[in-house]
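# from the sequence below, what's the structure:
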Amino acid sequence: MDFSQLQSISDICLLVQNLDRSIVFYTEKLGFTVTRRTEGFAAFNSQSINLVVWESTHVPDEPRTPSLPPTTREEHRACLSVKLHSGAAVDALYEGLAARGIPFKRPPADYPWGARCCYFSDPDNYLWEIYSDA
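Okay, here's the model as predicted:
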């Protein structure tokens, strides 16, 4: 059996520069709740997949380096997508998150691939997409 068929993906783990900064962003800006926290590690509640942030210097079985190299604002290592049921839901979530100070690239827009989307980045420059199919 192929690896992709063994199990559904259960967790998204983001390697971050500063754990405390990430926890503040994900709890205060996005409304997640911390479900577990240990040195260099925090897990958050989510509807369908576990979101984990791991300080880059605390990843087990990896050589200890001072930190990941910083990215430029234009460079992204990953994009995490959240699918909503309608374009109106995308617009409403955008408004609510923008009011909390989330720095969006621009307001929601309709894209040629048949989706309404908007994008923002977390403090470690991971790109987040909020979208709905048209």
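# switch to C-alpha atoms for all contacts and neighbour counts from now on
Will do.
# helices and strands around the longest helix along the chain, which ones?
In terms of residue count, the longest helix belonging to the chain (DSSP state H) is helix 87-99. Contacts defined by 3 or more C-alpha pairs under 8 Å, 6 or more residues apart in numbering; DSSP states H and E place helix 87-99 against strand 115-121, strand 127-133.
# so which of those strands is the most packed in?
Each of these was scored by mean neighbour count; the highest is strand 115-121, a mean of 21, by mean count of other C-alpha atoms under 10 Å.
# any chance of the helices and strands packed on helix 87-99 in TSV, plus distance to residue 88 and mean pLDDT?
Output for the helices and strands packed on helix 87-99, formatted as TSV (distance: least, C-alpha to C-alpha, whole Å; pLDDT from 0 to 100):
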stretch	distance to residue 88	mean pLDDT
strand 115-121	9	96
strand 127-133	9	95
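# let me have the ones you listed in TSV, adding distance to residue 108 as columns.
Converted to TSV, these look like this (distance: least, C-alpha to C-alpha, whole Å):
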stretch	distance to residue 108
strand 115-121	4
strand 127-133	9
